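> sharing a sequence plus its predicted fold:
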Amino acid sequence: MTKLSVNINKIATLRNARGGNMPNLLKTASDIERFGGQGITIHPRPDERHITYKDAHNLKKIVTTEFNIEGNPIPKFIDLVLETKPEQVTLVPDAVTNITSDAGWDTIKNKDFLTEVISEFKRNDIRTSIFVDPDIKMIDAAKITGTDRIELYTEDFAKNYPKDPNYAIQEYIISAKAATENNLGINAGHDLSLENIEFFKQNIPNLLEVSIGHALICESLYLGLENVVQMYLRKLQ
């Protein structure tokens, strides 16, 4: 079964809108685990507009499944990861001004930088994953950096899925095969939803984990958080 890691950034966004502690981020993370979620993902950004660095430290104390921290490995982020030591760190090349992630790494151009950062995390027994576009060249180069896994950036799949699911999935099937041939674990995330997750899972061999936040939280407004987590788990079986 592919693991479901729930990104709780949007819970923090809602909390921060009023400056209090409602909804309670830590309780929500624990509830997601109780509902069956197999991981908690956060993506703190330098301006801390949703998840704060304090949140990361507090979550490390209470998350009992897999804790995954995503972000651009600027010095402040690297320090946070080394301090909290999550089970997994996912490296994402998002600019400071980005609203959300919008591209994978150029693992050829950034090979030396990524190799250095990944080496530091692996010395501290933290599993590493690199956010990449479905591009064989980038996946082959990711192997050279020493990363444990890649995370396929799935926005293009989600965008094209309503028009032609078979067309939308093709590059991802090819990319997953390349990752497997390189002995890289495969994660995926970005714009995956209840509408498209089952098709994606069925067509991507060796898919270890999906990280889903925005769609899952939006769907929960209508269907309830516990129900939605269970719905994803059934589609990922």
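All right, it came through fine.

> end to end on stretch 216-231, go ahead and measure it.
10 Å (Cα to Cα, to the nearest Å).

> distance from the chain centre to it, please.
Here stretch 216-231 is found 18 Å from its chain centre; the criterion is Cα atoms, centre = their mean, to the nearest Å.

> buried ones in that stretch?
Neighbour-count burial for stretch 216-231, counted by 16 or more other Cβ atoms under 10 Å, picks out Leu216, Ile217, Glu219, Ser220, Leu225, Val228, Val229, Met231. For the C-beta atoms, the positions are set from N, CA and C on the backbone; glycine is no exception.

> so where do the strands sit in the chain?
Here the chain has its strands, by DSSP state E, at 3-7, 39-42, 66-71, 88-91, 127-132, 149-153, 185-189, 207-212.

> rounded mean pLDDT for the fifth one, please.
Along strand 127-132, the predicted confidence averages to a pLDDT of 97.

> so what does it touch, helix or strand wise?
In this structure, strand 127-132 packs against strand 88-91, helix 111-123, helix 136-144, strand 149-153, with contacts taken as 3 or more Cβ pairs under 8 Å, 6 or more residues apart in numbering; DSSP states H and E.

> can you name the residues bridging to the residue nearest the centre of the chain?
The centroid of the chain falls nearest to Ser211 when counting by Cα atoms, centre = their mean (4.1 Å). Beta bridges link Ser211 to Ser5, Gly189, judged by DSSP bridges.

> thinking again about what came up before, for the strands of the chain, which one sits closest to Lys163?
Proximity to Lys163 (Cβ to Cβ) singles out strand 149-153 among those, at 18.8 Å.

> only C-alpha atoms, please: export the longest helix seen in the chain in CSV.
As assigned by DSSP state H, the longest helix anywhere in the chain is helix 165-181. In CSV, the C-alpha atoms belonging to helix 165-181 read as follows (Å, rounded to 0.1, in the frame of the first residue of the first chain):
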residue,chain,number,x,y,z
PRO,A,165,-6.0,10.5,-18.1
ASN,A,166,-3.9,8.2,-20.3
TYR,A,167,-2.1,11.1,-21.9
ALA,A,168,-1.6,12.8,-18.5
ILE,A,169,0.0,9.7,-16.9
GLN,A,170,2.5,8.7,-19.7
GLU,A,171,5.5,10.8,-18.6
TYR,A,172,5.0,9.7,-15.0
ILE,A,173,5.0,6.0,-16.0
ILE,A,174,8.2,6.5,-17.9
SER,A,175,9.8,8.5,-15.1
ALA,A,176,8.8,5.9,-12.4
LYS,A,177,10.4,3.2,-14.5
ALA,A,178,13.6,5.3,-14.7
ALA,A,179,13.6,5.8,-10.9
THR,A,180,13.2,2.1,-10.3
GLU,A,181,16.1,1.3,-12.7
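
> may I see the buried residues of that helix?
By neighbour count on 16+ other Cβ under 10 Å, the buried set for helix 165-181 is Ala168, Ile169, Glu171, Tyr172, Ser175, Ala176, Lys177, Ala178, Ala179.

> okay, Met1: pLDDT?
The model's pLDDT for Met1 equals 84.

> now swap in Asp94 and tell me
The model reports Asp94 with a pLDDT of 78.

> just checking, it touches Asn72?
Yes - with contact defined as Cβ atoms under 8 Å, Asp94 counts as touching Asn72 (5.4 Å).

> more neighbours: which of the two?
Asn72 (20 against 17; other Cβ atoms under 10 Å).

> show the contacting residues for the residue nearest to the centre of the chain.
The neighbourhood of Ser211, defined by Cβ atoms under 8 Å, 6 or more residues apart in numbering, consists of Ser5, Val6, Asn7, Gly39, Thr41, Asn68, Glu70, Thr90, Glu151, Asn187, Ala188, Gly189.
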